[in-house]
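Engineer: Here is a sequence together with a model predicted from it:
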Amino acid sequence: MQKPWSGRWMLVVIASGCLIALVTFGLRTSFGLFATPVSGGRGWGMEVFALALAIQNLVWGVGQPLAGAVADRYGSARVLAAGGVLYALGVAFMAWSESPLAFHLSAGVLVGLGLSGGSFTIVIAALGRLVSEERRSWAMGLATAAGSFGQFVFAPLGQAFITFYGWQTALLLLAGTVAFVPLLARALKDPGAREPEAGEPGLPARESLAAAFGHGSYLLLVAGFFVCGFHLAFITTHLPAHLSAAAAQSHAHGLHDTAGLAAGALAVIGLANVAGSYAAGVLGGRWSKRRLLSAIYLARGVVIALFVALPPSPALVLLFAAAMGVLWLSTVPLTSGLVAVMFGTRYLGTLFGFVFFSHQVGAFLGVWFGGVAFERTGGFAPVWWASVLLAVVAALLHWPISERRAPRFAPVRA
């Protein structure tokens, strides 16, 4: 097993992982800006775009454990490079897809596969192996914060490209940014977890997976992360359309430039979560991760309830974005950190991949239900209130998690 990097090269490894997270996650969060121009330009209903992104989230989730297993076995760099290539091709083909089927294959299947291999999830697994244990939570939080900063960068960048060049050229320009991922991936080259770390039991992959799914705390973590995916995907995909619908219903609150306001809100979410994710990574190394997660989900429920209940206005939208931003991806370093606490890092990519699969099932349902609700009711109120209820459920699920090594993965005494 390769020893964790230290010194200057460790900084190169972390910086490269952060840049990959910035590009891949940042671009993904800008897709909601394309819902209206793509649907209008192709003459499709909003449900076509929503289904494509729902498929994307589901394919991403299905592919994540597989990509994590390959990274665990053969190393992360190759998986990240291949994912970057698929991601770039998928975004480019979105611009040329002239039928719903073609759009579902490009935006849904191809981008979803690209995200499986090229997303921050693989970056986190790589950092878990390459960075020393005392800095692991910090590095995971930093990589997650970088993904959030990508949202701050790509939301206004995507909107500017759409405004000045049109949505098709904008997609091609954004696809070009992902071309840097295979180059950055070279710095995260590790041999994979072919041997157990010092003190870890040498369970084979299949037995490790069976033992994990027989561990109650892991199942609670899997169930809780479903809610995170539901929240994030629903808001990033449907917030622009929600603001447009609110503007059509009430002109008295200044909701005029809803496209610009939506881009600004997504950017604020990303910027605020730079602080939120980094703080979660730091606090997760000092305080109880499960209690922090319960507090985050409960706070999300309060913020969403206030946003839906109060009269819409630009100030409310930006305040909502700032509050949600602090809570946005702060769950990721804590959730991945709990997986490492329970099972070590040998199969971190695989085991966190299955947790992330649950996240993406939630994302699929959040995006799809949002599209269905809009088509049937002209708004998103049912899904907003479902998000509040799910936040409370997630807070309750995380509280009883056992924050210690699972019995089958207890350290081997020399």
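Structural biologist: Ah, there it is.
Engineer: from here on, contacts and neighbour counts on C-alpha atoms
Structural biologist: Fine.
Engineer: Low-confidence ranges, the stretch 251-400 of the chain, go.
Structural biologist: By pLDDT under 70, the weakly predicted segments of the stretch 251-400 of the chain are 251-257.
Engineer: In it, mark out all the helices, start to finish.
Structural biologist: In the stretch 251-400 of the chain, the segments counted as helices under DSSP state H, counting those that start in this stretch are 258-284, 289-309, 314-327, 331-343, 348-377, 381-398.
Engineer: any idea how far F180 lies from F161?
Structural biologist: Distance of F180 to F161, computed by CA to CA, to the nearest Å: 19 Å.
Engineer: got the helices of the stretch 251-400 of the chain as a markdown table, with mean neighbour count and distance to L127 columns?
Structural biologist: Output for those, formatted as a markdown table (neighbours: other CA atoms under 10 Å; distance: least, CA to CA, whole Å):
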| stretch | mean neighbour count | distance to L127 |
| --- | --- | --- |
| helix 258-284 | 25 | 13 |
| helix 289-309 | 20 | 19 |
| helix 314-327 | 21 | 22 |
| helix 331-343 | 25 | 11 |
| helix 348-377 | 24 | 10 |
| helix 381-398 | 20 | 24 |
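Engineer: of these, which approaches V48 most closely?
Structural biologist: helix 348-377 (8.5 Å; CA to CA).
Engineer: Please name every helix or strand in contact with the strand or helix carrying V13.
Structural biologist: According to DSSP states H and E, V13 maps onto helix 7-29. Packing contacts for helix 7-29, counted by 3 or more CA pairs under 8 Å, 6 or more residues apart in numbering; DSSP states H and E, involve helix 111-118, helix 120-130, helix 133-165, helix 181-185.
Engineer: Single out the most deeply packed of these.
Structural biologist: Comparing those by mean neighbour count (mean count of other CA atoms under 10 Å), helix 111-118 ranks first with a mean of 32.
Engineer: and stretch 261-268, C-alpha only, in CSV?
Structural biologist: Coordinates of each C-alpha in stretch 261-268 appear next as CSV, following Å, rounded to 0.1, in the frame of the first residue of the first chain:
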residue,chain,number,x,y,z
LEU,A,261,-31.2,36.2,-10.3
ALA,A,262,-31.2,32.4,-10.6
ALA,A,263,-27.6,32.4,-11.8
GLY,A,264,-26.7,34.8,-9.0
ALA,A,265,-28.4,32.5,-6.5
LEU,A,266,-26.6,29.4,-7.7
ALA,A,267,-23.3,31.4,-7.5
VAL,A,268,-24.1,32.5,-4.0
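Engineer: Can you pull out the residues in contact with that stretch?
Structural biologist: With contacts defined as CA atoms under 8 Å, 6 or more residues apart in numbering, stretch 261-268 is touched by 29-30, 33, 151-156, 159, 236, 239-240, 243, 314, 317-318, 321-322, 325.
Engineer: What of stretch 59-78?
Structural biologist: The contact list for stretch 59-78, computed with CA under 8 Å, 6+ apart, reads 79, 108-109, 112-117, 122-123, 125-126, 182, 185-194, 346-354, 356-361.
Engineer: pretty sure A212 is touching L221, no?
Structural biologist: No. The criterion here is CA atoms under 8 Å, and A212 misses it with L221 at 11.0 Å.
Engineer: need the contact list for A241.
Structural biologist: Here A241 is in contact with 35-36 (CA under 8 Å, 6+ apart).
Engineer: Off-centre distance for the helix or strand where it lies?
Structural biologist: Secondary structure from DSSP H and E places A241 in helix 216-249. Offset of helix 216-249 from its chain centre (CA atoms, centre = their mean, to the nearest Å): 11 Å.
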